[in-house]
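K.L.:
Build me a model from this:
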Amino acid sequence: MPVVVIAALAVAVGVGVIGPTAYALDNSTGLVNGRFELPRDASAAAPQAWTSGAFQPTTTFSWSSSVARSGHRSVSISSPQPNDAWWSQTVAVQPHTLYRITGWIKTVGVAHSTNPVDAGASLGFLGTWDRSPGVFGTSDWTKVWVSVNSGDSHELTVAARLGYWSGTTTGTAWYDDIKLERLEPGSSAPRWKILALIYPNLDFSFPASDGTTHHVVAQLTQDQRDRAARATHDFIKTDLPALASGTMTPSLTVRFPTRPLSALDRSGDGWWPSPGNTAADQDPSFDSVIVIWPATGTNTATGQPEWIGSAAGLTPPMGTGQTYSTLILDAAINYGHRNVFKHEFGHSILDYFEALGVAPTPTVNNHATAGQYVHCGTATPYVWADETLANPIPNSIFNNTSGFTHDYYSGTTAEAADPNHCLGITRTAWRYGGPHELRGIQP
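P.N.:
Predicted structure coming up:
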């Protein structure tokens, strides 16, 4: 079951905002003067092709000759007061094409923000939500990158940024060796790195409808831990390669967080572990996170079992960032199938490739109904039934090799009304790789 998040894009009014010039892509760096070595004019006061801008006029911009990762120059942003500030360049690009910006950031005293967005120092694209993970504190040169699909636009504005919309911050950051490149799919199956967080302990208090506070605790037995890990392993190592027809090569790391799961977000009449609730246990070096948690515990006041979940699984759209799926412990070990794994991970990758813009449209809706989709090219309908481990059903919606779930993972399903237009995640789309390949940080 997906979690739908609707956000409004609020664009800050800048000081010294960019002009109308859109530079042609440089053959070597994709940007003009991406190494910041060339002066804008004879005054040598600023770098060629780059313009500074800020939300508030309290920031100092510098074309530095004393700090550089390579060559002799870099640019810097220094904000003694919380601000959103940037160096930017607008370039001409091809529409509906995937681009990646990479570069290096060095920081001194970059603070975490108390605003809704904690962005730090980053690279990104003005006018979009696409940015690299933030660099914080005092750090040596760190490589960051992020990708974006140009969509209908013929221009992109790249930005070396300190702060963000609703994420102002302080500190000093230097930027160097920035490169913009057009991305092409690779020649081999991508290696998706998947992190499973299996929470052994729940310790959660919440206000009930009767005005009282319920305190629910749970602790997984060793057998439950082992079965959850084994089910996750079987899904990642057996199901995923089969579902994707061998076009992805997943790896799995299983971790059991030592801290109890004590913060959950409301969903309908129940609760679930949102990305914010598990942020301390996440790891940005992975492409995907799968969270398994006990949704039934013991009410400490009554001693009785209490269900606090809202669904067998929930998956929020994460754009082109690290994908995130959750499922309850019962769905992982007690249902007699791994279909909740298949369904929730399916949500996450459909959302990811939709945001990336490299898969056929329209995007497959895996909350489909019988007869809505058929096998592409043959128009064969699916058997609209859940297969189980004990009773595999050929052509079942969840069958690993011949059902609806397999076909949208493999780019071979179609709408019944248009059976020759293949939909889903095609071989070409898979070869672009996972989120860590497109959005990452590397010291």
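K.L.:
does Arg439 have beta-bridge partners, and which?
P.N.:
On the basis of DSSP bridges, Arg439 is bridged to Val146.
K.L.:
I meant to write Leu123 there.
P.N.:
Ala160.
K.L.:
Burial check on it, number of neighbours?
P.N.:
Leu123 is flanked by 27 other residues according to other CB atoms under 10 Å. (Glycine included, C-beta is placed from N, CA and C.)
K.L.:
measure the closest residue in space to Gly186 that isn't next to it in sequence to Asn366 for me?
P.N.:
Using CB to CB, 6 or more residues apart in numbering and skipping the chain neighbours, the partner closest in space to Gly186 is Arg431 (4.7 Å). Separation of Arg431 from Asn366 (CB to CB, to the nearest Å): 22 Å.
K.L.:
out of these two, which sits in the busier spot?
P.N.:
Ranked by neighbour count (other CB under 10 Å), Arg431 and Asn366 place Asn366 first, with 20 against 17.
K.L.:
Am I right that the more buried one is in a strand?
P.N.:
No - read with DSSP: H, G, I helix; E, B strand; the rest coil, Asn366 is coil and lies in no strand.
K.L.:
Not counting sequence-adjacent ones, nearest residue to it?
P.N.:
With sequence-adjacent residues excluded and distances taken as CB to CB, 6+ apart, Asn366 is closest to Gly346, at 5.0 Å.
K.L.:
Is there a neighbour count for the one you found? I'd like the number.
P.N.:
A count of nearby residues for Gly346, using other CB under 10 Å, gives 24.
K.L.:
Pull the contacting residues for it.
P.N.:
Going by CB atoms under 8 Å, 6 or more residues apart in numbering, Gly346 touches Asn366, Thr405, Tyr408, Tyr409.
K.L.:
hang on, it is in a helix, isn't it?
P.N.:
Yes - counting by three-state DSSP, Gly346 falls inside a helix.
K.L.:
Quick one, grab the pLDDT at it.
P.N.:
What the model reports for Gly346 is a pLDDT of 98.
K.L.:
which regions of the stretch 301-443 of the chain sit below the pLDDT cut-off?
P.N.:
443 (pLDDT under 70).
K.L.:
where do the helices sit along it?
P.N.:
In the stretch 301-443 of the chain, the segments counted as helices under DSSP state H, counting those that start in this stretch are 329-333, 339-356, 404-410, 427-430, 435-438.
K.L.:
Out of these, flag the one nearest Ser79.
P.N.:
Among the helices of the stretch 301-443 of the chain, the nearest to Ser79 by CB to CB is helix 435-438 (28.1 Å).
K.L.:
Ser251: which of the contacts of Gly346 is nearest?
P.N.:
Using CB to CB, Tyr409 is the member of these that lies nearest Ser251, at 17.5 Å.
K.L.:
Just give me the neighbour total for the nearest residue to that closest one once chain neighbours are set aside.
P.N.:
Closest residue in space to Tyr409, ignoring its immediate chain neighbours: Leu243 at 4.0 Å, by CB to CB, 6+ apart. Look at Leu243: counted by other CB under 10 Å, it has 27 neighbours.
K.L.:
Offset the numbering so it begins at 16, please.
P.N.:
New numbering, starting at 16: the last item is Leu258.
K.L.:
correct me, but Leu258 touches Gly426?
P.N.:
No - if you go by CB atoms under 8 Å, Leu258 and Gly426 don't touch, sitting 11.4 Å apart.
K.L.:
of the contacts of Gly361, closest to Ser85?
P.N.:
Nearest member of the contacts of Gly361 to Ser85, counting by CB to CB, is Tyr424, at 42.2 Å.
K.L.:
ok, that closest one to Ala259 distance?
P.N.:
5 Å.
K.L.:
Among those two, which residue is more densely surrounded?
P.N.:
Neighbours per residue (other CB under 10 Å) separate Tyr424 from Ala259, with Tyr424 holding more: 29 against 24.
K.L.:
Good, we can wrap up now.
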